[in-house]
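Enquirer: from the sequence below, what's the structure:
(one chain, ligands or ions: 1)
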Amino acid sequence: MNARNPGIRLYIFDADDTLRRTTVPGKPCPHRPGEWELLPGVRERLSSIEWGSGGAYLGIASNQDQVAYGHMTAETCRGMFEDLIEAATGARRPDACIRFCPHALEVECECRKPKPGMLHDIMRHFGVSEADTLFVGNAPTDQEAARRAGAGFAWAWDFFGAGGG
Ligand SMILES: [Zn+2]
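Expert: From the prediction side, this is the model:
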């Protein structure tokens, strides 16, 4: 079954509180494997989409300033996203495009959402137009990044149908 939204060829997801949540009280995002779990509805929705050749492309665009503050390395951060994609879709996806902003909040960079840099980069990577791209997130900065990138946007609770939780 291919439960793709009509016309969408590229799905880009925010990570924290969109696909995953931390299991460590007081931490806004995980710093190492074992500190996160999938949000309800994510596996059901994403495993119903046909990914890769003939299906849809998958990207991650996440602000991860915790890297700049030394709470984890960029390698650990990326590895957790690879594990997240596997947990969410049911398979390793080496063709997924993972982008995260590792910069400190006080640093002016071109990637941190609500800037559209990461979304532009992912769309360029796959050669998919804004009109065929949907960004799914949970924060106003996600919605604003999608608007600036010219891509579609969906709130995580609508996309995953986990409303009320
Ligand atoms: Zn950045």
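
Enquirer: for the longest strand belonging to the chain, which strands pair with it and how are they oriented?
Expert: Using DSSP state E to define each element, the chain has its longest strand at strand 57-63. Note on strand 57-63: by DSSP bridges, its sheet partners are strand 10-13 (parallel), strand 97-101 (parallel).

Enquirer: from the chain's centroid, how far away is the first one?
Expert: Centroid separation between strand 10-13 and its chain, computed with CA atoms, centre = their mean, to the nearest Å, is 7 Å.

Enquirer: neighbouring contacts of it?
Expert: The contact list for strand 10-13 (CB atoms under 8 Å, 6 or more residues apart in numbering) reads 19, 49, 56-61, 119, 122-123, 126, 128, 132-137, 151. Every C-beta, even on glycine, is put in place using the N, C-alpha and C of the backbone.

Enquirer: spell out which parts of the protein neighbour the ion.
Expert: Residues of the chain that fall close to the ion, judged by CB under 5 Å from the ion: 101, 103, 109, 111-112.

Enquirer: in strands only, show me these.
Expert: Using DSSP E, the members of the residues of the chain next to the ion that fall within strands are Cys101.

Enquirer: can you say which of the residues of the chain next to the ion are buried?
Expert: Taking 16 or more other CB atoms under 10 Å as the criterion, what is buried in the residues of the chain next to the ion is 101, 103, 111-112.

Enquirer: could you say what helices and strands the longest helix along the chain packs with?
Expert: As assigned by DSSP state H, the longest helix anywhere in the chain is helix 74-89. With contacts defined as 3 or more CB pairs under 8 Å, 6 or more residues apart in numbering; DSSP states H and E, helix 74-89 has these neighbours: strand 36-38, helix 42-46, strand 57-63, strand 97-101.
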